[in-house]
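> Sequence first, predicted model second:
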Amino acid sequence: MDVVVAAGAEGVHLALDGDAATGSVVPAAQVPDRVRALERERPRWVWADTAATYPVLLRAGVRVERCHDLRLCHAILRHAAATASSALATAPPGPWDAPAADGPGRAPSLLDDLAPAVGPDEVLAEHARQRAALALAADPGRLRLLLAAESAGALIAAEMSHDGLPWDRGVHDRLLTELLGPRPPQGARPSRLEALAGQVRELLDAPSLNPDSPPELLRALRAAGLDVTSTSKWELAELDHPVVAPLLAYKRLARLLSANGWAWMDAWISPATAGRRGRFHPDYVPGGVVSGRWATRGGGALQLPKQVRGAVVPDPGWKLVVADAAQLEPRVLAAVARDEQMARAGRGADLYQGLVDAGVVERRAHAKVAMLGAMYGATTGDAGQLMPRLARAYPRAIAVVERAAQAGERGGTVSTWLGRTSPPPPEEWYAVQRRASEADADEAARRRARRHARDRGRFTRNFVVQGSAAEWALCWMADLRLRLRALDDGAAHLVFFLHDEVIVHTPAHLADDVAAAAHEAAAAAGRLLFGDFPVDFPLDVAVVGSYADA
DNA sequence: ACTATTGGCGCG
DNA sequence: AAAGCGCGCCAATAGT
């Protein structure tokens, strides 16, 4: 059963089975109670924008099992090759093509969230357009699954933002103090950082140098006789000079301070209360990356450095279950390509070791660099050298990424396993190609065009793998969420997601059940996407009292 | 004084 | 200065 939810001038419309005639209009304040009551029938909630609507329900203590997010699904169907001829895809841009509005904090009420342009009639119309577009697809099952997974992801993102990642401010402060020195007054450098800056100035004989300024630092390095073209740590690490060690230490600590220092803690970590740690509330953006990966807005949740993960600590009596999928992308590639040989290499817990055992490469490190090179489009270095051996051992898998790269180089699009289609190149890209193919094009123009073409090829090559892996991860997480809801009293809940890794916050006595659920969900996601194709998705799972111990 | 870009680096 | 993809964020700097 579908229940369509849409805000109108007189109240919020709730229509059963997409039929406006059977619907009712209720004041916004009563919506959470009505949703709670209807949820007992386990409907699929159809609404314009989970990020706008669901936080309101969550704040009222209401959770739902399933939804269909029209905005996210519109974006997929609008660009999918499989629905390219639909009315939805061929219409001029409309309200559904607007980017996601701001995050969870923006929504004072259901009524205010949904612009009149997307009133009840328009919501019903869009739902109908999406059904019509799906009906047109040659293989609608996959797209249907993608839309369900994307929508489930939207629910999870809102729930995780609402619940927050448990965070111990005391541990965080101790970490910072040990590494940087005590918290300084506003604007001042912490003592340890200031000491390192002093050493750098001394060793470079540059008494007024600001080491945070790349141009200044580069000039000082060159004045000291060092042959560098940038101030990046890769280049600095090559040098043999006493300034290298303190400078790299400075950069590392300066980064920690600016990205995840005390100011960040004050801005992003809510205070602890009795028996409960503080919380980090990231603002996730499902579908925020073209490949289907999530992005975040503010807080940098997807870049939490290993340095501060010790501050992620469960509430007293609770545990963190940290689960990540081992070598997800190559396994997904094997499945997408139906490459049984490569899937066989991944039968154990370590696909890279599997390549060694199969005699494809001598060392595990080579297997890793070769696989990454195949998926990212490496042409030089170790990765480039190893490509022919990989292609000989796994021709089907390599053919998939090569075909994707060729499509991109020609300016075409590619699609993931479930049918998310890559964006076409920007107009500028075509202009560059046209210029190079004119009769009087010079060598520079042709080189430029070839470089653009290869850049595009690497993007589409990676898109099919990264995007299909993102689909597996969404299915995994959605399945795990349902298992957690069914577990005991439903207390265990997802608190973090990072592309191929999740963290569940759980009462300690349920931790083993949660770990088992994570494994079961991984197997279920593999079957859901790839049927009986024999590919494994093993997890590394740890039950810990700190994220640093995972 | 303000906004946009750049260099650099964190994560997968 | 990364080789080889995808992001977001910060401080400094360039541009207006």
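Done, it's in. Residues are numbered from 1 along each chain as shown, chains lettered A, B, ... in the order given.

> all strands of the stretch 451-550 of chain A, in order?
Here the stretch 451-550 of chain A has its strands, by DSSP state E, counting those that start in this stretch, at A:493-497, A:501-507, A:539-544.

> Which one of the ones you listed lies nearest to DNA strand B?
strand A:501-507 (5.8 Å; Cβ to the nearest atom of the strand). No exception for glycine: its C-beta is placed from N, CA and C like everyone else's.

> what's next to the closest one, contact-wise?
Identification of contacts with strand A:501-507 by Cβ atoms under 8 Å, 6 or more residues apart in numbering yields A:163, A:165-166, A:312, A:314-315, A:317-325, A:476-477, A:480, A:484, A:488, A:491-497, A:514, A:518, A:547.

> cool, and stretch A:69-81?
Here stretch A:69-81 has contacts from A:46-50, A:83, A:86, A:88-89, A:96-97, A:100, A:123, A:126-127, A:130, A:133-134, A:137, A:143, A:146-147, A:150-151, A:154, A:286-287, A:413, A:415, A:419-421, A:423, using Cβ under 8 Å, 6+ apart.

> how about that stretch: buried residues?
A:69-81 (16 or more other Cβ atoms under 10 Å).

> still on that earlier bit, mind putting the strands of the stretch 451-550 of chain A into a markdown table with distance to DNA strand C, mean pLDDT and mean neighbour count?
Output for those, formatted as a markdown table (distance: least, Cβ to the nearest atom of the strand, whole Å; pLDDT from 0 to 100; neighbours: other Cβ atoms under 10 Å):
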| stretch | distance to DNA strand C | mean pLDDT | mean neighbour count |
| --- | --- | --- | --- |
| strand A:493-497 | 13 | 98 | 22 |
| strand A:501-507 | 12 | 98 | 23 |
| strand A:539-544 | 19 | 98 | 18 |
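
> Save those as a markdown table, and put in distance to DNA strand B too.
Below are the strands of the stretch 451-550 of chain A laid out as a markdown table (distance: least, Cβ to the nearest atom of the strand, whole Å):
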| stretch | distance to DNA strand B |
| --- | --- |
| strand A:493-497 | 10 |
| strand A:501-507 | 6 |
| strand A:539-544 | 11 |
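
> how would you label the closest residue to A:A449 other than its chain neighbours: helix, strand or coil?
In space, A:A449 comes closest to A:A436 once its chain neighbours are excluded; the distance is 3.3 Å by Cβ to Cβ, 6 or more residues apart in numbering. Here A:A436 is recorded as helix under DSSP: H, G, I helix; E, B strand; the rest coil.

> In a markdown table, list the strands of the stretch 451-550 of chain A along with distance to A:A220.
A markdown table is the format used below for the strands of the stretch 451-550 of chain A (distance: least, Cβ to Cβ, whole Å):
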| stretch | distance to A:A220 |
| --- | --- |
| strand A:493-497 | 41 |
| strand A:501-507 | 40 |
| strand A:539-544 | 43 |
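
> closest one to A:V64 among the ones you listed?
strand A:493-497 (14.4 Å; Cβ to Cβ).

> What helices and strands are in contact with that closest one?
Using 3 or more Cβ pairs under 8 Å, 6 or more residues apart in numbering; DSSP states H and E, the elements in contact with strand A:493-497 are helix A:140-163, strand A:165-167, helix A:443-486, strand A:501-507.

> In CSV: these, plus distance to A:R276.
Putting these into CSV (distance: least, Cβ to Cβ, whole Å) gives the following:
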stretch, distance to A:R276
helix A:140-163, 11
strand A:165-167, 8
helix A:443-486, 19
strand A:501-507, 11
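
> Now for chain A, the helix or strand with the poorest mean pLDDT.
Lowest by mean pLDDT, DSSP states H and E among the helices and strands of chain A is helix A:110-113, with a mean of 44.

> Let me see the mean pLDDT of whichever helix or strand comes after that one.
Counting by DSSP states H and E, the next helix or strand C-terminal to helix A:110-113 is helix A:120-136. The pLDDT scores in helix A:120-136 average 95.

> and helix A:120-136, what other elements does it pack with?
Secondary-structure packing of helix A:120-136 (3+ Cβ pairs under 8 Å, 6+ apart): strand A:2-7, strand A:12-16, strand A:44-47, helix A:70-79, helix A:87-90, helix A:140-163.

> got the buried residues for that helix?
Buried-residue list, helix A:120-136, by 16+ other Cβ under 10 Å: A:P120, A:E122, A:V123, A:L124, A:E126, A:H127, A:R129, A:Q130, A:A133, A:L134, A:L136.

> Outside of that helix itself, list whatever touches it.
By Cβ under 8 Å, 6+ apart, helix A:120-136 touches A:2, A:4-8, A:13, A:15, A:18, A:20, A:23, A:46-48, A:68, A:70, A:73-74, A:77, A:82-83, A:85-89, A:95-96, A:114, A:118, A:140, A:143-144, A:147.

> how many other residues sit next to A:P271?
Neighbourhood size, A:P271 [other Cβ atoms under 10 Å]: 9.

> same question, A:A439
There are 4 residues near A:A439, going by other Cβ under 10 Å.

> Torsion angles phi and psi at it?
Backbone torsions for A:A439, taken as degrees, to the nearest 10, come to phi -60, psi -40.

> Could I get the pLDDT score of it?
As predicted, A:A439 sits at a pLDDT of 92.
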